[in-house]
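Q: Sequence first, then the predicted structure:
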Amino acid sequence: MFIKFFKSSFFIQYLVIGIIGLCLWARAFIEPPGMPPPEGPVPLYKLLYQVFTDQPFLSTLFGFMLVLAETYWLTTILSSHELILKNSSLSALVFLVLMSFLPGQLTMNPINISLGFMILILYHLLISYNKPEHLDRIFAAGFFTAIASFFYLPFLLWFVFVVISFLVVRAGNWRAWFAAFIGLVTPFLYLSVWFFWHNNLVVHMNEYLQFFNRILVFPNPFHTDFWILSGFTVMLALWGIMVFRSGPVEKTVEIRAKTSILLWTLVFTVISFIYARSMAFFHPALAIPAMAMVITGALTHLKKKRMAEIILLIYFFAVLINNLFLHKFFDN
């Protein structure tokens, strides 16, 4: 029933999605979890942390608004490029639920901020597929990769994702590589000048080097609800990938290429996880845009949807009940 309802994208569907989001975040507004402290040299996130660390309600409110904006924006991008059923709001529902699946994540944090930049990068890369003069888009992809790393440093590894996408969008010439590299370097040139002006350039360079010298360090333990809901989420994603990739829907070369770009984000979510450190609890959210795409695609083209709807309703209520009541029990 609800799959059929969210196949449309009128105001009522997006209103219901917003209400569902408020339900999932309701406890967080009453007892805000607070922003996670900065990890590594992340100048822009440190600035936000200084402003909002004593205002947990505001950080939760802005975090919810950010996730809601990403929800609608990603759905628009997927729909306009025909990676999901056109004019469907189902991906918005899936994305929002996945972004809200643990109470500790219901605040502004480096990952949901970086996720906004990742969606912006995908926006430019997907447009560049059909744009003959695509160097401006490629420069922007490199540029926003650097900016995102000012909030979450492991995102710097996603520059390799930008480069790999050139092979998919047929932009593998030296001008494209150079444009992406210039885009990546430009924010760091301004940042280095700022550090040099304040006479601490060497100190910050050493911070960057030391950060990437340590891998697979996770100081914060994962609680039981993380393992249970993460396992359920991974199974949903794997099922979605299998159904989505083997579906009977005819896909053009362009749609297959753009789908591949989204699926590569799953790979780089895993690769960059080795540097997640204290953000390991939040890091898996970088895979959610691709997961939303494949789960939505799988649900859209199922002939018998009743069992899938039951499973999704169980998942939703598990997330909702945990966010509202059970997470305190699992934290003990």
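A: Ah, there it is.
Q: Phi and psi next, for the nearest residue to residue 105 once chain neighbours are set aside.
A: For residue 105, ignoring the flanking residues on the chain, the nearest one in space by Cβ to Cβ, 6 or more residues apart in numbering is residue 282 at 5.8 Å. All C-beta spots, glycine's among them, are computed from the backbone N, C-alpha and C. Backbone geometry at residue 282, expressed as degrees, to the nearest 10, gives phi -100, psi -30.
Q: How much space separates residue 282 from residue 312?
A: 23 Å (Cβ to Cβ, to the nearest Å).
Q: Looks like the residue nearest to residue 105 contacts residue 111 (just checking).
A: Yes - counting by Cβ atoms under 8 Å, residue 282 touches residue 111, with 4.0 Å between them.
Q: where do the contact lists of the two overlap?
A: residue 105 (Cβ atoms under 8 Å, 6 or more residues apart in numbering).
Q: Between these two, which has more neighbouring residues?
A: For residue 282 versus residue 111, neighbours defined as other Cβ atoms under 10 Å are more numerous around residue 111 (24 against 21).
Q: Tell me where the stretch 151-300 of the chain is predicted with low confidence.
A: Applying pLDDT under 70 to the stretch 151-300 of the chain flags the ranges 167-174, 217-222, 244-251.
Q: Swap in 90 and give it another go.
A: 153, 157, 159-185, 187-264, 266-268, 272-285, 291-300 (pLDDT under 90).
Q: Show me where it has its helices.
A: 158-169, 174-197, 201-212, 224-245, 253-272, 288-300 (DSSP state H, counting those that start in this stretch).
Q: Could you list the buried residues of the longest one?
A: Of the residues in helix 174-197, those buried under the neighbour-count criterion (16 or more other Cβ atoms under 10 Å) are 176, 177, 179, 180, 181, 183, 184, 187, 191, 195.
Q: Make a markdown table out of these and add distance to residue 21.
A: Shown next, in a markdown table, are these (distance: Cβ to Cβ, whole Å):
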| residue | distance to residue 21 |
| --- | --- |
| 176 | 38 |
| 177 | 40 |
| 179 | 37 |
| 180 | 35 |
| 181 | 38 |
| 183 | 33 |
| 184 | 34 |
| 187 | 32 |
| 191 | 34 |
| 195 | 39 |
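Q: For residue 52, which non-adjacent residue is spatially closest?
A: residue 59 (4.1 Å).
Q: I figured that neighbour hits residue 112, correct?
A: No - the criterion here is Cβ under 8 Å, and residue 59 misses it with residue 112 at 11.0 Å.
Q: can you tell me which residues contact residue 203?
A: Counted by Cβ under 8 Å, 6+ apart, residue 203 has contacts residue 195.
Q: Now do it against residue 45, distance only.
A: 18 Å.
Q: what's the answer for residue 90, then?
A: 32 Å.
Q: What residues does the closest residue to residue 212 other than its chain neighbours make contact with?
A: Closest residue to residue 212 apart from its sequence neighbours, by Cβ to Cβ, 6+ apart: residue 275 at 6.8 Å. For residue 275, the contact set (Cβ under 8 Å, 6+ apart) comprises 153, 154, 157, 211, 212, 215.
Q: Tell me who's in contact with the residue nearest to residue 105.
A: Residue 282 touches 36, 105, 109, 110, 111, 112, 276, counting by Cβ under 8 Å, 6+ apart.
Q: try 6 Å
A: 105, 109, 111 (Cβ atoms under 6 Å, 6 or more residues apart in numbering).
Q: Could you tell me which of the residues you listed belong to helices?
A: Of the positions in these, residue 111 sit in helices, assigned by DSSP state H.
Q: Quick one: which of the contacts of residue 282 has the lowest pLDDT value?
A: Between those, the one the model trusts least by pLDDT is residue 105, at 84.
Q: Pull the number of nearby residues for that residue.
A: Residue 105 has 22 nearby residues by other Cβ under 10 Å.
Q: Could you measure from it over to residue 186?
A: Taken as Cβ to Cβ, the span from residue 105 to residue 186 is 31 Å.
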